[in-house]
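Colleague: Need a 3D model of the sequence below.
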Amino acid sequence: MDEPTFGELARRHHRELHVHCYRMLASYEEAEDAVQEAMIRAWQHRDEIAGGNVRAWLYRVCTNVCLDAIRRRRRRPIAATAAEVGWLEPYPDVLLEEAPDDAVVDRETIELTFLVALQALPPRQRAALVARDVLGWTAVETAEALATSVAAANSAVQRARATMQARLPARRADWSAPEAGAAERELLARFIRANDEGDAALALACAAEDIRITMPPHPAVFAGHDDLRTLLDRAFGPAREGDWRTLPTRVNRLPAAGSYLRRPGDTVFRAYKLDVLRVEGDRIAEITTFGVAHLARCGLPAEVPA
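Modeller: Below is the predicted model of the structure:
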């Protein structure tokens, strides 16, 4: 295989391979590094492609690069909460749309809740679960990719499934995730209105009583309305830093909002944070807040005019 042909293959499959590495690693940046390393390995061993399934082979190379990366970083959360997964990063929907296979980015297996639970699995269990239940590989294909027996691969998948079901919310034990509907869009609109108007009462009304708020990579966890009131007082109360503007977006197939702050004396609202919402029923069950660096990937501006 010559270099132009290989380059075209790498380009064609880049997005779905990046999503695969992201699911394994839960980090957008680390997934970028993994795909680059995988392409180097693939080019060095390109003779192995002859007569085989190129796409499956590239997935195997990426999987093994991710396994190496997980072993190197030697970090694994115990309780699998977003606060523990300090390397967790969001994945903008605008980029997920570039993946050619809808199964690769099914909502239930790209949501932050699923990704966080996935990070608690040992590396080979994680790879086996993704191969079988996300990519849809057979037991034989999974065993070949992991260089193990079919019996060992099946055992890894069974243990991984049990762990995942125990760690996901009770209402999500079947991994199902409802598609976005009018109620979810309306809730996001109310969340944005509460932020823009500094309306703490409306913000509380949008939130479930047991809401959980995390801010990776910071380990803090805020739980329930009392903690939320404290955060809202900081944002909207007398000691607030300024005024807010909020723009809607979507990441990981979830509603999200980019927040912009205009401090006293400033003439524009400047990018401040990204809030990702997990909705249950008609309330926000969880907010995962990320730093300003992630807004640009969502296609959001660095500044908003006053």
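
Colleague: Show me where the stretch 151-300 of the chain has its strands.
Modeller: Along the stretch 151-300 of the chain, counting by DSSP state E, counting those that start in this stretch, strands occupy 207-215, 218-223, 243-251, 254-262, 268-280, 283-291.

Colleague: Now these in CSV, please, with extra columns for distance to residue 106 and mean neighbour count.
Modeller: Quick note: C-beta positions are derived from backbone N, CA and C, even for glycine. Listed next are the strands of the stretch 151-300 of the chain as CSV, based on distance: least, CB to CB, whole Å; neighbours: other CB atoms under 10 Å:
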stretch, distance to residue 106, mean neighbour count
strand 207-215, 23, 19
strand 218-223, 28, 12
strand 243-251, 15, 21
strand 254-262, 13, 23
strand 268-280, 16, 20
strand 283-291, 19, 20
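
Colleague: Going by mean pLDDT, which of those comes out lowest?
Modeller: Per-stretch mean pLDDT for those is lowest at strand 218-223 (a mean of 92).

Colleague: that older thread, just send the strands of the stretch 151-300 of the chain back as a markdown table, with distance to residue 139 too.
Modeller: Listed next are these as a markdown table, based on distance: least, CB to CB, whole Å:
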| stretch | distance to residue 139 |
| --- | --- |
| strand 207-215 | 36 |
| strand 218-223 | 38 |
| strand 243-251 | 33 |
| strand 254-262 | 32 |
| strand 268-280 | 32 |
| strand 283-291 | 34 |
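
Colleague: Starting from residue 64, give me the distance back to the nearest residue in space to residue 274 that is not next to it in sequence.
Modeller: Sequence neighbours aside, residue 290 is the residue nearest to residue 274 in space, at 4.5 Å (criterion: CB to CB, 6 or more residues apart in numbering). Distance of residue 290 to residue 64, computed by CB to CB, to the nearest Å: 29 Å.

Colleague: Tell me what the nearest residue to residue 207 once chain neighbours are set aside is bridged to.
Modeller: Nearest residue to residue 207, sequence neighbours excluded (CB to CB, 6+ apart): residue 284, at 5.0 Å. Note on residue 284: beta-bridge partners residue 207, residue 279, judged by DSSP bridges.
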